[in-house]
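Participant: I'll drop the sequence and a predicted model, then ask my questions.
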Protein chains: 2
Amino acid sequence: MENNQSCIRVFADKVQIDNCREMLQTNDKAFSQLSGLLALAGNEVRLKILFLLEEEKELCPCDLSDILGMSIPAVSQHLRKLKDKNVIEGRREGQTIFYSLRQEQLPLLQPFFKHIIINSKRVTI
Amino acid sequence: MENNQSCIRVFADKVQIDNCREMLQTNDKAFSQLSGLLALAGNEVRLKILFLLEEEKELCPCDLSDILGMSIPAVSQHLRKLKDKNVIEGRREGQTIFYSLRQEQLPLLQPFFKHIIINSKRVTI
DNA sequence: TTCTTATTTAAGCAAATGCTTAAATAAGTT
DNA sequence: AACTTATTTAAGCATTTGCTTAAATAAGAA
């Protein structure tokens, strides 16, 4: 966008716009981090993985492959993304690696879980 | 994935895996809807738009273009996605269209907002 | 009507995403 | 050591995403 004054309107609230710009700048890092996390959870497979880890405490790629009905490499690549952003962590036990949610990001994820659990209870009860 | 029994391990908890599968199936629609919404908010520009609408009640594409420092068509296309999934709605006033958050999806969005507001307050105070 | 302004839409394109298959690691067993 | 199993990594590829520019709508003003 090389033309910076795209809007020529009269009724623009200059102060409001400046305040908003400043707010965005101030919270720049928070927006970037949060949108990054939401983008991770915005993939249906990864959202399911997160939810499964919440419910089952820990699962290995093999389990997840069985549960989700998709190939191990596909699962593994999703796990990698989650691990790279510190959402999950792995613990080795022999050949098997058990993944679990990291407490760190949990407060932000809980609201989603709650939403799904409610639906689940409605159906099962 | 044509090879269905990718995992040959002995220690798989058959019951656990079946329960998980069933849970996923039961909540299939919820996962799809939720991940759809999270994917929308997972884009940094759209997350900012949602937050701005929460703070300012309503804004036109022109305002958003100024605030975000990006072209009007780019903003418009983000607004369209948000509108298509019923996250925002528009109200016409002359040539201007004011967009605002729909109450419907608000409970799910609030937790994100809270997270950003906290950071904002920490910095400004 | 003609002209201006606000917004949307469409076409094009580079970059990102998410799978696939095949090969590479890593640990355990024989 | 050789063999099996669990997992990761890499390369390839079709699809999606998010911008750009240019054109199309929609409403108001001259």
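Facilitator: Ah, there it is.

Participant: what does chain A put close to DNA strand C?
Facilitator: Counting by C-beta under 7 Å from any atom of the strand, the residues of chain A close to DNA strand C are A:7-10, A:39, A:43, A:45, A:70-71, A:73-74, A:77-78, A:81, A:92, A:94-95. C-beta here means a position set from N, CA and C on the backbone, and glycine is covered the same way.

Participant: contacts only, for the residue positioned nearest the centre of chain A.
Facilitator: With distances taken as C-alpha atoms, centre = their mean, the residue of chain A nearest its centroid is A:Ala41 (3.1 Å). If you count contacts by C-beta atoms under 8 Å, 6 or more residues apart in numbering or on different chains, A:Ala41 has them with A:47, A:50, A:109, A:112, B:35, B:38, B:42.

Participant: swap in A:Leu59?
Facilitator: Per C-beta under 8 Å, 6+ apart, neighbours of A:Leu59: A:52-53, A:67, A:98-99.

Participant: quick check: the farthest pair among the residues you listed?
Facilitator: For those, the farthest-apart pair by C-beta to C-beta is A:Ile67 and A:Phe98; their separation is 14.2 Å.

Participant: who has more neighbours, those two?
Facilitator: Per other C-beta atoms under 10 Å in any protein chain shown, whichever of A:Ile67 and A:Phe98 has more neighbours is A:Ile67, with 23 against 16.

Participant: find the nearest non-adjacent residue to that one, please.
Facilitator: B:Cys20 (4.5 Å; C-beta to C-beta, 6 or more residues apart in numbering or on different chains).

Participant: isn't A:Glu58 right up against A:Thr96?
Facilitator: No: A:Glu58 lies out of contact with A:Thr96 (C-beta atoms under 8 Å); the separation is 10.2 Å.

Participant: higher neighbour count, the two?
Facilitator: Neighbours were tallied for A:Glu58 and for A:Thr96 using other C-beta under 10 Å; the higher tally belongs to A:Glu58 (17 against 14).

Participant: quick one: the more buried one from DNA strand C, how far?
Facilitator: According to C-beta to the nearest atom of the strand, to the nearest Å, A:Glu58 stands 17 Å off from DNA strand C.

Participant: next: A:Phe51.
Facilitator: Taking C-beta to the nearest atom of the strand, one finds A:Phe51 at 15 Å from DNA strand C.

Participant: please apply the same query to A:Arg21.
Facilitator: Taking C-beta to the nearest atom of the strand, one finds A:Arg21 at 17 Å from DNA strand C.

Participant: mind giving me the packing neighbours of the one helix or strand that residue maps to?
Facilitator: Assessed by DSSP states H and E, A:Arg21 sits inside helix A:14-26. When contacts are defined as 3 or more C-beta pairs under 8 Å, 6 or more residues apart in numbering or on different chains; DSSP states H and E, helix A:14-26 packs onto helix B:44-56, helix B:61-68, helix B:106-124.

Participant: what about A:Leu38, how many residues nearby?
Facilitator: 22.
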